[in-house]
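Enquirer: have a look at this prediction, sequence included:
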Amino acid sequence: MLEDLIAGGGPGLFWLVLALAIIFIISRAIRVVPQSEKHVVEQFGRFRMELGPGLNFIVPFLQRVAHRVSVLERQLPTASQDAITSDNVLLVVETSVFYRVLEPGKTVYRIRDVDAAIATTVAGIVRAQIGKMELDEVQANRAALIAQIKEQVESAVDDWGIEVTRAEILDVGLDQATRDAMLQQLNAERERRAAVTRAEGERRAVELQSDAELYAARQEAEARRVTADAEAYATGVVAEAIQKGGLEAVQYNIALEQVKSIAKVAEGQGNQTIIVPADAVDAFGKAFTMLKGRG
């Protein structure tokens, strides 16, 4: 049929050509953009608009899609740069930056190589920030340093239509001389702590020994006090007995103790000669008399 229309010419060919032209124009006007991309449209060589994900329309022949830009998050290759701290320590800092394109029009027309530009910006900011800090601060405040770098990078690349989503310091390396010096310092610090620990242990041992001696002295003094109180109490009892029973009770007790002493001597084994004091007989007699009187 198509061959007949072409051979015969006439109105049928015209309508066929018109239909094909319309289909071609519509196909050039319709642009379907993937979710992960944005398209940059130019009109007569100038930026006209951005096409977002989904179905879009442009003016055929007047407008064209000049750039297809991915809006997925990107990671720059790990970069290493030298930096010197405020206390003149040379560091090798490894950094990594993640970003994504928000406005492709700015990214395409304002910067030629956005990855290289971001890497250069990050290197300069890292050197500047580390130059304000001492080595110990760099090691201890890495999170704060990363936050400062990210903030300054975002400010620097704002005109490029991108967003820095994350900036990381992967490693902070030291030169060998600095490592050796830090190792010596670390060993010295460990020795100092060990010496302090030993000294504290010895001091504690002396304190415990002193406490033990003080406790023993207190216990001995307490024992002496108790003994003294007992002796005083016994003396008071004897004095009270003397007061109540008179002198005869005292003489009775003395005579009784003498009898007990002589009895103990007599209990010894073998032939023994017991020397009785001259007043022993008198004591016995007094004791017997008192016992008889008490009976």
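Expert: That came in fine, so what should we check first?

Enquirer: now do the helices in the chain.
Expert: 2-8, 11-29, 104-110, 114-130, 135-140, 142-156, 176-245, 247-266, 280-294 (DSSP state H).

Enquirer: remind me what the longest one packs against, helices and strands.
Expert: Going back to what we said before, that points to helix 176-245. Secondary-structure packing of helix 176-245 (3 or more CB pairs under 8 Å, 6 or more residues apart in numbering; DSSP states H and E): helix 247-266. Quick note: C-beta positions are derived from backbone N, CA and C, even for glycine.

Enquirer: which residues sit against stretch 129-146?
Expert: Identification of contacts with stretch 129-146 by CB atoms under 8 Å, 6 or more residues apart in numbering yields 83-87, 89, 91, 93, 148-149, 152, 167-169, 172, 178.

Enquirer: list the beta-bridge partners for Val172.
Expert: Val172 forms beta bridges with Val93, as assigned by DSSP bridges.

Enquirer: make residue 1 into 16 and carry on from there
Expert: Understood, numbering begins at 16; the last thing we discussed is Val187.

Enquirer: relative to Ala134, how far out is it?
Expert: When distance is defined by CB to CB, to the nearest Å, Val187 is 18 Å away from Ala134.

Enquirer: count of residues packed around Ile184?
Expert: Ile184 has 17 neighbours, counted by other CB atoms under 10 Å.

Enquirer: got the contact list for it?
Expert: Val108, Glu109, Thr110, Val141, Arg157, Leu160, Ile161, Ile164.

Enquirer: at 6 Å instead, please
Expert: By CB atoms under 6 Å, 6 or more residues apart in numbering, Ile184 lies in contact with Thr110, Arg157, Ile161.

Enquirer: give me the pLDDT value at the last one.
Expert: The pLDDT attached to Ile161 in the predicted structure is 86.

Enquirer: what sits against the closest residue to Leu66 other than its chain neighbours?
Expert: Leaving aside its sequence neighbours, Leu66 sits nearest to His54 (CB to CB, 6 or more residues apart in numbering; 4.0 Å). By CB under 6 Å, 6+ apart, His54 lies in contact with Val48, Leu66, Val80, Arg83.

Enquirer: and which of those is nearest to Asp130?
Expert: Sorting the contacts of His54 by how near they are to Asp130, with CB to CB, puts Arg83 at the top with 17.1 Å.

Enquirer: now for that closest one: which residues touch it?
Expert: For Arg83, the contact set (CB under 6 Å, 6+ apart) comprises Glu52, His54.

Enquirer: give me the beta-bridge partners of it?
Expert: Arg83 forms beta bridges with His54, as assigned by DSSP bridges.

Enquirer: any idea how far it is from Arg61?
Expert: Distance from Arg83 to Arg61, counting by CB to CB: 18 Å.

Enquirer: now do Ile161
Expert: Taking CB to CB, one finds Ile161 at 40 Å from Arg61.

Enquirer: now stretch 62-73, how far from the centre of its chain.
Expert: 52 Å (CA atoms, centre = their mean, to the nearest Å).

Enquirer: who touches it?
Expert: Applying CB under 6 Å, 6+ apart, the set of residues contacting stretch 62-73 is Ala44, Arg46, Val47, Val48, Gln50, Lys53, His54, Val56, Glu57, Gln78, Pro119, Gly120.

Enquirer: what residues are up against the second one?
Expert: Spelled out, it's Arg46. Leu66, Asn71, Ile73.

Enquirer: could you check the pLDDT of the first one?
Expert: With respect to pLDDT, Leu66 has a value of 92.

Enquirer: distance of it relative to Val56?
Expert: Noted for Leu66: a distance of 6 Å to Val56, by CB to CB.

Enquirer: quick one: which of the contacts of stretch 144-161 is nearest to Glu246?
Expert: Relative to Glu246, the closest of those is Asp102; by CB to CB it sits at 76.9 Å.

Enquirer: so where's the stretch 16-165 of the chain uncertain?
Expert: Within the stretch 16-165 of the chain, the stretches with pLDDT under 70 are 16-26.
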